[in-house]
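Asks: here are the coordinates; sequence isn't available:
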């Protein structure tokens, strides 16, 4: 079989200059096709005529050659037209089989088989191999897309868990801040009550010791000024604490708003996994920054609280000293009255 195929090869494949001859035939057929295309009513008749002229010139009418020369139709339609031409050629050869001698018939059959094998090989090379490669690429891309969707789903689950944890942390921080504020208010009220009691005791002492009031009036007035200044300072601290509380509430509201924005961004991130990672990183940075700010505010509030306690202690010591001074001077007044007669 191999020897027969080798002996029956066309002259375009074995003779020197076969490629030049095929190129010349293709050029002639192309020139004819460009000038005669309008004479054909259908693409099929036109491509069949092109196949006839190529075969007459000794060039196998392969689909790629017909597409390059005729330029009417795509690769699929031209492949069907070429297959129809080979089918009709086989039919014609079968109809004339009785008129063809056996030896020539065998040579013709071998030539047709060779042309058919070349056509199949050309179709597989031009169409089959690219299609299989493209199919493999599409399947790989589909597998990668499925994996990306699975990764995005896992990331969405993690983001939801982080948001739930962040909401719980914000609620706990808000409750802690409210408790701290209530404690500060209670401490301030206690300090005010103590200051009022001290002022009441000072007033009673003034009524009991009128003569000592004139001597100690300047000192008492000074103590009142100091107490008033301390009271103003305490009120300023209370205002600062209230302002900080309002700022904490605003920060909590902003954190809740950011949580809502993150929830909205989750829906948008379902269509864009890459954007999801960036927004998640921004949310984590904002949460960490808010936590650091709250910790700094709590530390500052603790420092202010200690300063307030120290100031209250100093005020108590001053009032105790004033009371002791008044008590020490109490026995001297009546003795001086007895000495006057």
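Replies: Cool, the structure landed. All values reported here derive from a predicted model rather than from experimental measurement. Numbers count the residues shown, from 1 in each chain.
Asks: could you count how many residues lie near the residue nearest to residue 148 when sequence neighbours are not counted?
Replies: Distances taken as CB to CB, 6 or more residues apart in numbering place residue 273 nearest to residue 148, at 6.0 Å, with adjacent residues excluded. (C-beta placed from N, C-alpha, C; glycine too.) Applying other CB atoms under 10 Å, we find 15 residues neighbouring residue 273.
Asks: what of residue 22?
Replies: 19.
Asks: that one sits in which helix or strand?
Replies: Per DSSP states H and E: residue 22 is located in helix 18-36.
Asks: if you count contacts, what does that helix end up packed against?
Replies: With contacts taken as 3 or more CB pairs under 8 Å, 6 or more residues apart in numbering; DSSP states H and E, helix 18-36 sits against helix 11-14, helix 43-56, helix 63-70.
Asks: which helices and strands does the lengthiest helix in the chain pack with?
Replies: Ordering each helix of the chain by length in residues (DSSP state H) puts helix 129-208 first. In terms of contacts (3+ CB pairs under 8 Å, 6+ apart), helix 129-208 is packed against helix 210-269, helix 273-329.
Asks: what helices or strands is the first one leaning on?
Replies: In other words, helix 210-269. Packed against helix 210-269 by the contact rule (3+ CB pairs under 8 Å, 6+ apart) you find helix 129-208, helix 273-329.
Asks: and the last one, average pLDDT?
Replies: Going back to what we said before, that points to helix 273-329. With pLDDT averaged residue by residue, helix 273-329 scores 85.
Asks: re earlier: what's the most buried one of the helices and strands packed on helix 18-36?
Replies: Counting by mean count of other CB atoms under 10 Å, helix 63-70 has the highest mean neighbour count of the helices and strands packed on helix 18-36, with a mean of 22.
Asks: and after that helix, which helix or strand comes next?
Replies: Taking DSSP H and E, what comes next after helix 63-70 is helix 75-95.
Asks: next, the buried residues of that following helix.
Replies: 78-79, 81-82, 85-86, 89 (16 or more other CB atoms under 10 Å).
Asks: who's in contact with that helix?
Replies: Contacts to helix 75-95, defined as CB atoms under 8 Å, 6 or more residues apart in numbering, come from residues 43-44, 47-48, 51-52, 55, 61-64, 66-67, 70, 72-73, 100, 108-109, 112, 115-116, 119, 123, 126-127.
Asks: any weak-confidence spans in the chain?
Replies: 1-19, 96-105, 123, 127, 131, 209, 213, 220, 266, 330-341 (pLDDT under 70).
Asks: before we move on, the earlier item: reformat the helices and strands packed on helix 129-208 as a markdown table; add distance to residue 175.
Replies: Compiled in a markdown table, the helices and strands packed on helix 129-208 are given as follows (distance: least, CB to CB, whole Å):
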| stretch | distance to residue 175 |
| --- | --- |
| helix 210-269 | 10 |
| helix 273-329 | 13 |
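Asks: of all those, which lies closest to residue 185?
Replies: Nearest to residue 185 among these is helix 210-269; the distance by CB to CB comes to 7.5 Å.
Asks: tell me what angle that closest one forms with helix 129-208.
Replies: 170 degrees (axes from the mean of the first three to the mean of the last three CA atoms, to 10 degrees).
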